[in-house]
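Visitor: task: produce atomic coordinates for the following.
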Amino acid sequence: MQPGTGNPFVAPGEPVPPPPVSPDGPGQMPYGPPGQVPYGYPGPYSGSYPGQGHQGYQGYPGYGWPAMPAPPANGMGVTALVLGIIAAAGFCLWPLAIVLGVLAVVFGAVGRGKARRGEATNGGQALAGIICGAVGVVLGVALLVILVVVPDDDEGGGSSRDEPGYSAAATTSAVGPRLTPRT
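Guide: Reported below is the predicted structural model:
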């Protein structure tokens, strides 16, 4: 580029051509029928006070961007699914599994209701939360029943008299505690 020239793509000394004119003429044509104020532009100001013909600037309906739709409320379905999975997977902790399973069923039912009304989009997750929560409750209750019903091997609280066993009385020796057989 030579010093003093504004355009590096023009040979020195040649004039710069004007920009081309669009098919609609210079500038952008306003939308709408001729003679009507284009959308989004304020109307002409009459300079009058309120109550004298022109009522002042009232604003155009729909001016600007339309409002965004409310996002779906998917929290209940997600909560039901998470609680249901924890209840089903952690059924060994049966009190926690029963509580979390009941909560998953409740949250899942509320989430399914929201999905039916169109407020949420995850009705399937809510249903999966109900199913996993119910499975967690059933497994937790089954484990509770097994723990209550199945008898222990040690019914008397100690060993029976027909087994030789060992007594709890231990004597200390140089090597360590020594258990003495019961007679």
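Visitor: can you give me the helices for this structure?
Guide: Under the criterion DSSP state H, the chain contains helices at 75-89, 94-117, 123-149.
Visitor: list the buried residues for the second one?
Guide: Read that as helix 94-117. 94, 97-112, 114-115 (16 or more other Cβ atoms under 10 Å). C-beta coordinates here come from the backbone N, C-alpha and C atoms, glycine included.
Visitor: likewise for the first one?
Guide: Judged by neighbour count (16+ other Cβ under 10 Å), helix 75-89 contains these buried residues: 76-88.
Visitor: got those as CSV, with distance to Ile131 and pLDDT columns?
Guide: Formatted as CSV, the buried residues of helix 75-89 follow (distance: Cβ to Cβ, whole Å; pLDDT from 0 to 100):
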residue, distance to Ile131, pLDDT
Met76, 15, 95
Gly77, 12, 95
Val78, 15, 95
Thr79, 15, 96
Ala80, 10, 97
Leu81, 9, 96
Val82, 13, 96
Leu83, 12, 96
Gly84, 7, 96
Ile85, 10, 96
Ile86, 14, 96
Ala87, 11, 95
Ala88, 9, 94
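Visitor: which of those residues lies closest to Gly140?
Guide: Ala87 (7.2 Å; Cβ to Cβ).
Visitor: how about the closest one, nearest residue that isn't a chain neighbour?
Guide: Gly136 (2.6 Å; Cβ to Cβ, 6 or more residues apart in numbering).
Visitor: how far away is the closest residue to Arg112 other than its chain neighbours from Leu93?
Guide: Closest residue to Arg112 apart from its sequence neighbours, by Cβ to Cβ, 6+ apart: Ala126 at 4.5 Å. Distance of Ala126 to Leu93, given as Cβ to Cβ, to the nearest Å: 24 Å.
Visitor: the two: who's more crowded?
Guide: Shown here are Ala126 and Leu93; by other Cβ atoms under 10 Å, Ala126 has more neighbours (29 against 14).
Visitor: show me the contacts for the more buried one.
Guide: 76-77, 80-81, 107-112, 114-115, 120 (Cβ atoms under 8 Å, 6 or more residues apart in numbering).
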